[in-house]
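> predicted model follows, preceded by the sequence.
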Amino acid sequence: MQALTKWLLARPLNAVLVLTVSLVLPIPQLTGGIIIVFLALVKGFRETALIICITALLAALTLLVLGGTLASILTLAALSWLPALFIAYILSKMQSLTLSLQVLLIASFFVLVSINFFIPNLPIFWQPYLDLMAQLLQENGMQFEAGVLTADILTVSAVFIFWLIYSMVLLFGYFIYSKMPTKTNDYGKFQDLDFGRIIAIALAFFSILALLSGSLWLQFISFTIFGMFMMQGLSILHWLKNEGIVQPIVVAVVYIMFPILQIFLVVALAIIGYVDVWLGIRHRIKKV
């Protein structure tokens, strides 16, 4: 890892090359975003922004020569790198990994609410994607899932997935930075993550409101916020590993099984995280 990061930081051209390659990798927001967060924490925001501009320019020129679509590559680059640069900026200003993840959670919630106001007709907006996803589900024998897929569900899923991706971008980018022998700042540890009772109370409020009103939209919002507590549950798992209470293989199995048991693990970890807000699981275990 240190050899790779040393090579990455050796010359700006190396960073440009790695970012360019990240655009063609699976989930480019994750791979490119991690690199951006790491570069921003080590090199600063001006130099990282310059690297982003050079990479985007080179990618655009290459596409023009090859006859590709310029808008698509620039959109992909913007969605991959600019949010990562923004969350790295938040981390540098907050000086706390926990506070930065809290801000990211709250920002995602406001994006979810704003979508409902600024896009008056979600079914029309999502229709091309709904048709595509319904076709893919039906081709894989998932007729029931294709039948219940709606614009509201797609909206919530999109916000949740982007929140999850950029939370992991922040965590992994900071993790690589924390392993640098020359790191200049310590923003805390992921194992100490706590979203706090204000967000937990907000979840309870929206859940009660959704129950009383029967609004599907409020139910989706409540479930999205609840699902985000999975990150706190995951931090507890890492804390248990570092305390020697569970073996490292357990953490590895959770990550390996996540794509397969995604819904089950999200719910299970979110329950643990939400309970921890009120009961302080780590503090109680320490007492024992």
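Sure, I can see it.
> from now on I want contacts and neighbour counts done on CA atoms only, so please keep to that.
OK.
> would you map out the domains in this protein?
With domains defined by automatic domain parsing, the chain comprises 1-111+161-187, 189-288.
> and F118, which of these is closest to it?
domain 1-111+161-187 (10.1 Å; C-alpha to C-alpha).
> worst-scoring helix or strand of the protein, pLDDT-wise?
helix 143-148 (a mean of 63; mean pLDDT, DSSP states H and E).
> give the next helix or strand downstream of that one.
Next helix or strand after helix 143-148 toward the C-terminus (DSSP states H and E): helix 151-178.
> that next one: which residues count as buried?
151-152, 154-156, 159-160, 163-174, 176-178 (16 or more other C-alpha atoms under 10 Å).
> what's that helix packed up against?
Packing contacts for helix 151-178, counted by 3 or more C-alpha pairs under 8 Å, 6 or more residues apart in numbering; DSSP states H and E, involve helix 28-43, helix 70-94, helix 97-118, helix 122-139, helix 216-228.
> quick one: closest of the ones you listed to L209.
helix 216-228 (7.4 Å).
> between that closest one and helix 151-178, how many degrees?
20 degrees (axes from the mean of the first three to the mean of the last three C-alpha atoms, to 10 degrees).
> angle of helix 216-228 against helix 97-118?
Using the same axes, to 10 degrees: helix 216-228 against helix 97-118 is 160 degrees.
> need the CA coordinates for helix 216-228. PDB is fine.
Output in PDB follows, covering the C-alpha atoms of helix 216-228 (Å, rounded to 0.1, in the frame of the first residue of the first chain):
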ATOM      1  CA  LEU A 216     -45.500   6.100   1.200                       C
ATOM      2  CA  TRP A 217     -43.000   9.000   0.600                       C
ATOM      3  CA  LEU A 218     -42.500   9.500   4.400                       C
ATOM      4  CA  GLN A 219     -42.100   5.800   4.800                       C
ATOM      5  CA  PHE A 220     -39.400   5.700   2.200                       C
ATOM      6  CA  ILE A 221     -37.700   8.700   3.800                       C
ATOM      7  CA  SER A 222     -37.800   7.000   7.200                       C
ATOM      8  CA  PHE A 223     -36.400   3.800   5.900                       C
ATOM      9  CA  THR A 224     -33.600   5.600   4.100                       C
ATOM     10  CA  ILE A 225     -32.500   7.400   7.300                       C
ATOM     11  CA  PHE A 226     -32.800   4.100   9.200                       C
ATOM     12  CA  GLY A 227     -30.700   2.300   6.600                       C
ATOM     13  CA  MET A 228     -28.000   4.900   7.000                       C
END
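> and that helix, how far out from the chain middle?
17 Å (C-alpha atoms, centre = their mean, to the nearest Å).
> what mean pLDDT does that helix get?
For helix 216-228, mean pLDDT is 84.
> please identify the buried residues of the very next helix or strand once past that helix?
Reading on from helix 216-228 to the C-terminus, the next helix or strand found by DSSP H and E is helix 230-242. Residues of helix 230-242 classed as buried: M230, M231, Q232, G233, L234, S235, I236, L237, H238, W239, L240, K241 (neighbour count, 16+ other C-alpha under 10 Å).
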